[in-house]
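*Asks:* Sequence plus the predicted model coming up.
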Amino acid sequence: MSYPISEFFKRIRVFGASLSDDGRQLCFVSSVSGSPQLWIADVPPQGLIHYPRPLTDDEHKRPYIWEPGLKWIGVDKIAVMFDTDGDEASFIEILDLKSGDIVSVPRVVGSRDILSHVSDDRKFLFFSSNRVHKESQSLFQYSLKNGKVEEIYSRKGINLYWAGKTHKNEHYFYEIESNVSNRLYSINLKSKKVQPIFVEKDCAVGIVSYHNKNKFLVVTDFKREFQNPAVLDVSTNKLDFLFPDKWDRSTKLFNKKLLFIEENRAGQSVLSIYQWRGHREALKFRWRSKLNKGVISHISFTKNSTYALISYHSSIEPLTYYRMNLKNFKIQLLMNNYVSKIPQKKLVSPKIVTYKSQGRDVYSLLFLPKSCSGSGIIPAKAGTRTTKKCPVIVWPHGGPQSQERPQPRPIFQYFINKGFAIWAPNHAGSTGFGRTFTKAIMRNWGTADLPDMKNGIEWLKKSRLIDPQRIFIVGGSYGGYMTLRCLTQLNGQFKAGAELFGPSNLLTFATTVPADWMPYMDAFLGNPEKDKDMLVEQSPVFALDKIDCPLLVVQGAKDPRVVKAESDQVVEKLRQLRGERAVEYLVFEDEGHGFFKRDNELKCYERVAQFLERYL
């Protein structure tokens, strides 16, 4: 049965949530009313939450989507990050749930304030901001008593972020070198003395917990490929890793007694809980269920040490939240966010498949409609056989240093229902497959990963699953850039392409990103003056004459990451080359990087679907 595209987008979309200190209230961000707003609901002893009520209703001022900072201050106040129509000039407000009053943390217009944590005594709120040095984040605290903001520490040209961990007067923070490298320090709030904790170069480190006078529990990939928990002895600078160097593992420690490990196995999560006494002991709990087919993206604990809040999503289930009783590990589903009339059993989960490229395995997600599920690289079920080869949509992910994991993409399910296959590769630069693989993209945009795209498409053709004459490509952000890169470099492969808010000219992109991104750009992308020739070669805008198929471009007018001019350049040059009908262009005036208002999201993907189906 075929369903209209609107039916696939009927779900309660949640972006972030937080349990109150006593675990009895859930605050979350959702666009269920049309635009992202803040909601709150009582959590019953058993069963789903009942009748959430909105705390905000401003269509333009909305909770910050990319990093929903929801920090409870006791049980009747909550600190929240906001921006305006996705402009990411974020600011912080404190909502009093009893009185309805709103207190704004003093802000500097145009700066970006990033909420971190609230002190245990509920006297201070900590955040970073580029209000002092526009090109870098510095460390601040805000007094919840007198409303004053105090700068704690800054280093011009270097981004500093609170780690959200404290021990007595010591607060920990990160010095960020790049997306994959940082250093860990502590600062004494009384003396303002800064001490290095782990400052090795060319590695990432995250603090989990202070252990004792000389030891910390951290997560790092120092001299390793994967990020894993280790006990750090600062007196010797030695690390004692808890697991073998295979797969990334994020780590949370509850009450210095229970060690929560989320293992990312080729994109799918496995949650294990161990006894902890300064070292890993007996396995206490493992989530043995269908949840191992999806992603656990968040784990936090209530202040009263009673509950854990766990978020989960998969390709067929929207992001939802569970409350775990930390005494008996019983799990309570708090939300059922799937509200479409389409039976969930009709939705399709991906196969995790690998192919060879540049001498190593590349992992990818492959979604197949029922008509394509029994041929080539995917074993046929008993009594089934493929009746036809299906068209395929190539979906390069954003980032680029991110990972395509099983997640709810309604547009995928719509196209699969229409008979399309979806292929989403984790090409060079992706996270989750080792540090070397992730770093390969640095200063190699569209170069390190292009062979993986080319070889993957050839692999698809040989699979006998897809129609080689009906290959489409769609991507957003870096995936939008990769869409343009493939269209200009892999000629003759695609029937049509849709590029969503992706960079097109790396020379201009490098100079128009948010100001506090600038310290990273030379190492991440390249310098527009020193590396001009390289960036010109890697920029699709200078090779648009090679595009040999129809193109749709979609952009948010308030995008601060990939500004509208990046899309304008593509549209203007293609129309100069081939006339007004050479490219279609859709702009959302009230969106930033991505489309988070419900009507805009549906309108965007309706247009993408209509466009691709026109050339089927």
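*Replies:* Cool, the structure landed.
*Asks:* Was I right to think residue 357 contacts residue 451?
*Replies:* Yes. Between residue 357 and residue 451 there is a contact at 6.0 Å, judged by CB atoms under 8 Å. In this view, the C-beta of every residue, glycine as well, is placed from N, C-alpha and C.
*Asks:* neighbour count winner among these two?
*Replies:* Neighbours per residue, other CB atoms under 10 Å: of residue 357 and residue 451, the larger number sits with residue 357, 20 against 14.
*Asks:* OK, contacts around that one?
*Replies:* Counting by CB atoms under 8 Å, 6 or more residues apart in numbering, residue 357 touches 451, 452, 455, 456.
*Asks:* Would you mark the buried spots in the least confident helix or strand in the chain by mean pLDDT?
*Replies:* None of the helices or strands of the chain scores lower by mean pLDDT, DSSP states H and E than strand 280-286, at a mean of 82. By 16 or more other CB atoms under 10 Å, the buried positions in strand 280-286 come out as residue 280.
*Asks:* give me the low-pLDDT residue ranges for this structure?
*Replies:* Applying pLDDT under 70 to the chain picks out residues 68, 288-292, 373-387.
*Asks:* are any of the contacts of residue 357 buried, and which?
*Replies:* By neighbour count, with 16+ other CB under 10 Å, the contacts of residue 357 hold 452, 455, 456 as buried.
*Asks:* Ramachandran angles for the last one?
*Replies:* Geometry field for residue 456 lists phi and psi as phi -70, psi -40, criterion degrees, to the nearest 10.
*Asks:* again, but for the second one
*Replies:* Taking degrees, to the nearest 10, you get phi -70, psi -30 for the backbone angles of residue 455.
*Asks:* now the first one
*Replies:* Residue 452 adopts backbone torsions of phi -70, psi -40, taken as degrees, to the nearest 10.
*Asks:* Just give the nearest non-adjacent residue to it, would you?
*Replies:* Excluding the flanking residues, the one nearest residue 452 by CB to CB, 6 or more residues apart in numbering is residue 427, at 3.8 Å.
*Asks:* Quick check: the gap between that neighbour and residue 309.
*Replies:* 33 Å (CB to CB, to the nearest Å).
*Asks:* Looking only at neighbour counts, state which of the two leads.
*Replies:* More neighbours surround residue 427 than the other of residue 427 and residue 309, with 28 against 20 (other CB under 10 Å).
*Asks:* Tell me how far that one lies from residue 228.
*Replies:* From residue 427 to residue 228 the distance is 24 Å (CB to CB).
*Asks:* Give me the neighbour count for residue 349.
*Replies:* Residue 349 sits with 15 neighbouring residues when counted by other CB under 10 Å.
*Asks:* What strand or helix carries the nearest residue to it once chain neighbours are set aside?
*Replies:* With CB to CB, 6+ apart as the criterion, residue 349 has its nearest non-adjacent residue at 5.0 Å, and that residue is residue 315. According to DSSP states H and E, residue 315 maps onto no helix or strand at all.
*Asks:* Pop out the phi and psi values for residue 315.
*Replies:* When read as degrees, to the nearest 10, the backbone of residue 315 gives phi -70, psi -20.
*Asks:* Please give the number of neighbouring residues around it.
*Replies:* 22.
*Asks:* And stretch 590-609, end to end?
*Replies:* End-to-end distance for stretch 590-609: 22 Å, by CA to CA, to the nearest Å.
*Asks:* Neighbouring strands - and their directions - for the helix or strand containing residue 166?
*Replies:* Assessed by DSSP H and E, residue 166 sits inside strand 159-167. Sheet pairing here is set by DSSP bridges, and for strand 159-167 it gives strand 170-178 (antiparallel).
*Asks:* okay, the strand it pairs with in CSV with CA atoms only?
*Replies:* Provided in CSV are the C-alpha atoms of strand 170-178 (Å, rounded to 0.1, in the frame of the first residue of the first chain):
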residue,chain,number,x,y,z
GLU,A,170,37.8,22.4,41.1
HIS,A,171,35.9,22.8,37.9
TYR,A,172,37.1,21.0,34.8
PHE,A,173,37.2,22.4,31.3
TYR,A,174,38.4,21.6,27.7
GLU,A,175,40.7,23.5,25.4
ILE,A,176,39.5,22.6,21.9
GLU,A,177,42.1,22.2,19.2
SER,A,178,39.9,20.6,16.5
